[in-house]
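> Take this sequence and fold it.
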Amino acid sequence: MSIVYQTNKQTGITYAYENEAYWDKEKQQSRARRKLIGKLDPETGEIIPTRSYKKTSPQTHVPAKQGPVPITKIQRRFYGATHLFDQIGQQTGVQEDLKACFPKIYKQMLSVAYYLILEDNNPLSRFPHWQRLHVHPCGEDIPSQRSSELFQAIEEENRMAFFRKQGKRRIEKEYWAFDITSISSYSEVLRQVKKGRNKEHDRLPQLNLALLFGEESGLPFYYRRLPGNITDVTTLRQLMGEFNVMGYSQVHVVLDRGFYSQDNINGLYKHHQKFLIGVKLSLKYVKEVLEEERENLQTWSNHHPQFGVYGTCRTIQWNYEQHRPYKGDTLTEKRRAYLHLFYNPEKAARDQVEMNDYLTSLKQDLEQGTRKDYRMKDCDKYFEVTETPKRGKKIKPKEEAMKNAARNYGYFALLSNEVKDPFEALSLYRSKDMTEKGFGDLKERLNFRRMQVSSQLSLDGKIFVEFIALIYLSYVKKKMQDAGLFTKWTLQGL
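You can find the predicted model right below:
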């Protein structure tokens with residue numbers, strides 16, 4: 001093979017050709033064939049290729065067009081509600097805090113919490129069916145035996161770390177509403193299940209659950225499991241001790257009057273905690289102030305149209321006592337407090353109707369000989385029962401006791417060491433209803449009226465997951481209430 005140069009006379013351009021030898025079969029001889037490879041540069045004497053020389057363009061692979069593929073799996077899954085919960089978890093910090101405290105199992109915990117909310121009143125045995133139809137954080141099935149293992153893996157140290165993280169997100173911003181409810185159980189092996197008295201008069205043994213709700217956020221962020229026979233009064237001392245352990249100071253709490261006792265008020269003052277608590281009208285210092293303010297209380301200037309009640313505040317001196325074992329004495333001094341008195345005409349009418357119905361039922365119990373133990377004291381207070389062989393049983397009402405009770409229909413009182421305005425105090429105290437609604441959600445929507453666990457570890461873990469579900473449920477209800485959505489939607493419908 002050789003290169004031959006040939007100049008075009010008209011243009012003066014020199015072209016380079018490549019001579020290629022081949023065998024001519026027809027003439028049976030060797031011949032040559034020229035192939036243009038470029039032109040000669042007159043200045044440099046180099047060949048400028050006219051096209052790619054001795055280069056082969058790569059063969060691009062064109063994939064074959066895919067034919068029809070048969071469908072082998074059909075699935076429909078719901079994502080709306082669980083996506084909503086994912087966003088709530090991010091906004092409240094629950095997901096972040098759970099991940100920090102339970103890095104290995106937090107997704108399973110969230111999936112169970114989602115299930116408890118969306119499948120109200122259904123046992124965990126239906127989780128496999130639910131998870132096949134819903135997108136959820138875990139993404140896998142959690143059979144009944146695995147859920148027991150999950151509950152047992154939730155340890156006390158990690159739970160307390162979660163409470164601290166959640167508390168710090170809201171601790172300086174709001175009052176905390178605190179209350180206790182009872183949960184019945186058939187178990188005979190749980191150590192805190194005891195015989196106790198509850199508002200539903202359930203005769204099963206029970207344990208108590210103390211719950212803290214944020215007044216402004218409407219969210220729960222702490223609970224404590226307590227023995228079923230413990231009283232509200234003794235619970236508050238334990239709660240204050242746990243505040244110190246968790247590093248909470250300057251706490252603001254709203255308490256029902258069931259927590260009232262002289263020792264508890266002294267304890268709140270001692271720990272420098274701000275409080276608002278309901279008090280009974282039968283207390284000596286409350287009766288004295290009420291008698292002084294009874295006539296002035298119902299004047300127009302003390303009426304609040306939004307609440308529909310009359311209210312006034314009196315500054316009083318609390319007789320503070322602190323026992324000091326290290327000195328062997330008792331410190332006594334005066335502390336400032338604010339006593340708020342209220343009168344509600346609608347409540348007075350309701351009190352009258354309820355008292356009449358109650359007295360009628362007490363009289364029927366006495367006539368039929370079916371007095372209930374928890375009402376015996378009231379039977380003796382309002383009725384006098386005499387029985388003779390000739391006249392038989394005679395029941396006489398104690399009119400003076402009934403008149404004294406009627407005198408305070410519609411009145412109620414609150415005590416605080418911080419809030420001076422009576423209607424601000426009333427607004428804060430009514431936030432306590434959130435705990436009652438929270439207990440209702442736990443028992444009704446989250447299927448926790450009866451405990452169905454057989455070990456202490458499973459109980460502790462299940463209560464915690466129920467508590468996580470309650471945070472999400474409370475968030476949705478608070479947002480619906482603020483936006484006025486309850487006029488158009490139910491919670492389940494939303």
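> end to end, how far does stretch 240-258 reach?
Chord length of stretch 240-258, first to last residue, is 16 Å (CA to CA, to the nearest Å).
> Please work out the average pLDDT along it.
In this model, stretch 240-258 has a mean pLDDT of 74.
> Could you do stretch 462-473 as well?
On average, stretch 462-473 scores 90.
> and what of stretch 169-179?
Mean pLDDT, computed over stretch 169-179, is 73.
> same question, stretch 281-301
For stretch 281-301, the mean per-residue pLDDT is 92.
> With just CA atoms, put that stretch into CSV.
Extracted as CSV, the C-alpha positions of stretch 281-301 are listed here (Å, rounded to 0.1, in the frame of the first residue of the first chain):
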residue,chain,number,x,y,z
LEU,A,281,-65.9,25.8,99.9
SER,A,282,-66.0,23.9,103.2
LEU,A,283,-62.5,25.1,104.1
LYS,A,284,-62.5,27.6,107.0
TYR,A,285,-60.6,30.4,105.3
VAL,A,286,-62.7,30.0,102.1
LYS,A,287,-66.0,30.1,104.0
GLU,A,288,-64.9,33.3,105.8
VAL,A,289,-63.9,35.1,102.6
LEU,A,290,-67.0,33.9,100.7
GLU,A,291,-69.3,35.2,103.4
GLU,A,292,-67.6,38.6,103.1
GLU,A,293,-67.9,38.7,99.3
ARG,A,294,-71.2,36.9,98.8
GLU,A,295,-73.3,40.0,98.2
ASN,A,296,-70.7,41.9,96.2
LEU,A,297,-69.7,38.9,94.1
GLN,A,298,-73.0,39.0,92.0
THR,A,299,-72.7,42.7,91.0
TRP,A,300,-72.4,43.6,87.3
SER,A,301,-68.9,44.9,87.6
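> what's in contact with that stretch?
Residues outside stretch 281-301 that contact it (CB atoms under 8 Å, 6 or more residues apart in numbering) are 279-280, 302, 310-312, 314, 316, 339, 341-343, 408, 411-413. Heads up, the C-betas are built off the backbone N, CA and C, glycines and all.
> Generate a PyMOL selection restricted to the buried subset of the residues you listed.
To isolate the buried members of these in PyMOL, using 16 or more other CB atoms under 10 Å:
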select buried, resi 279+302+310+311+312+316+339+341+342+343+408+411+412+413
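> List the ones among the contacts of stretch 281-301 that fall in strands.
Using DSSP state E, the subset of these located in strands is 279, 310-312, 314, 316, 339, 341-343, 411-413.
> quick one on the thing from earlier: where's the dip in pLDDT among the contacts of stretch 281-301?
Out of those, that is residue 408, at 90.
> residues contacting that one?
281, 290.
> try it again with 6 Å
Going by CB atoms under 6 Å, 6 or more residues apart in numbering, residue 408 touches residue 281.
> What separation is there between it and residue 206?
Per CB to CB, to the nearest Å, residue 408 is found 32 Å from residue 206.
> Please apply the same query to residue 11.
111 Å.
> higher neighbour count, these two?
residue 206 (24 against 9; other CB atoms under 10 Å).
> Show the pLDDT at the more buried one.
Residue 206 is given a pLDDT of 72.
> try residue 186
48.
> try residue 262
Confidence for residue 262, expressed as pLDDT, is 90.
> Nearest residue to it in space, please, no chain neighbours.
residue 321 (7.7 Å; CB to CB, 6 or more residues apart in numbering).
> and that neighbour, how many residues sit next to it?
15.
> ditto for the one 4 residues further on
Burial of residue 325, expressed as a neighbour count using other CB under 10 Å, amounts to 6.
> What of residue 32?
11.
> what do you get for residue 389?
Using other CB under 10 Å, the number of residues around residue 389 comes to 5.
> List phi and psi for it.
For residue 389, the backbone dihedrals are phi -60, psi -30 (criterion: degrees, to the nearest 10).
> Next one: it from residue 379, what distance?
23 Å.
> So residue 136: helix, strand or coil?
Following DSSP: H, G, I helix; E, B strand; the rest coil, the label given to residue 136 is coil.
> Tell me where the stretch 351-494 of the chain has strands.
383-388, 392-397, 411-416, 450-451 (DSSP state E, counting those that start in this stretch).
> Just the CA atoms of the third one, as CSV, please.
Looking back up the chat, that one is strand 411-416. Provided in CSV are the C-alpha atoms of strand 411-416 (Å, rounded to 0.1, in the frame of the first residue of the first chain):
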residue,chain,number,x,y,z
TYR,A,411,-70.3,28.9,93.8
PHE,A,412,-66.7,27.5,93.4
ALA,A,413,-63.2,28.7,94.4
LEU,A,414,-59.6,28.5,93.1
LEU,A,415,-56.3,29.2,94.9
SER,A,416,-53.0,30.4,93.3
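> Mind listing the strands it pairs with, and their directions?
strand 274-279 (antiparallel), strand 329-343 (antiparallel) (DSSP bridges).
> residues making contact with that strand?
276-279, 286, 338-343, 425, 429.
> Need those residues in JSON lines (columns: distance to residue 261).
Shown next, in JSON lines, are the contacts of strand 411-416 (distance: CB to CB, whole Å):
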{"residue": "276", "distance to residue 261": "16"}
{"residue": "277", "distance to residue 261": "10"}
{"residue": "278", "distance to residue 261": "12"}
{"residue": "279", "distance to residue 261": "11"}
{"residue": "286", "distance to residue 261": "14"}
{"residue": "338", "distance to residue 261": "19"}
{"residue": "339", "distance to residue 261": "17"}
{"residue": "340", "distance to residue 261": "19"}
{"residue": "341", "distance to residue 261": "20"}
{"residue": "342", "distance to residue 261": "22"}
{"residue": "343", "distance to residue 261": "26"}
{"residue": "425", "distance to residue 261": "20"}
{"residue": "429", "distance to residue 261": "18"}
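> between the residues you listed, which is nearest residue 490?
Checking the contacts of strand 411-416 against residue 490 with CB to CB, the nearest one is residue 429 at 28.1 Å.
> if I look at that closest one, how far off is residue 301?
Relative to residue 301, and taking CB to CB, residue 429 is found at 22 Å.
> the more surrounded of those two?
Taking neighbours as other CB under 10 Å, residue 429 and residue 301 compare with residue 429 leading, 24 against 7.
> so what's that one up against?
Per CB under 6 Å, 6+ apart, neighbours of residue 429: 254, 276, 414.
> again, 10 Å this time
175, 177, 215, 254-256, 276-278, 340, 342, 412, 414, 416, 419 (CB atoms under 10 Å, 6 or more residues apart in numbering).
> right, so the strands of the stretch 351-494 of the chain: which one is the most enclosed?
Among these, strand 411-416 has the highest mean neighbour count (mean count of other CB atoms under 10 Å), at a mean of 22.
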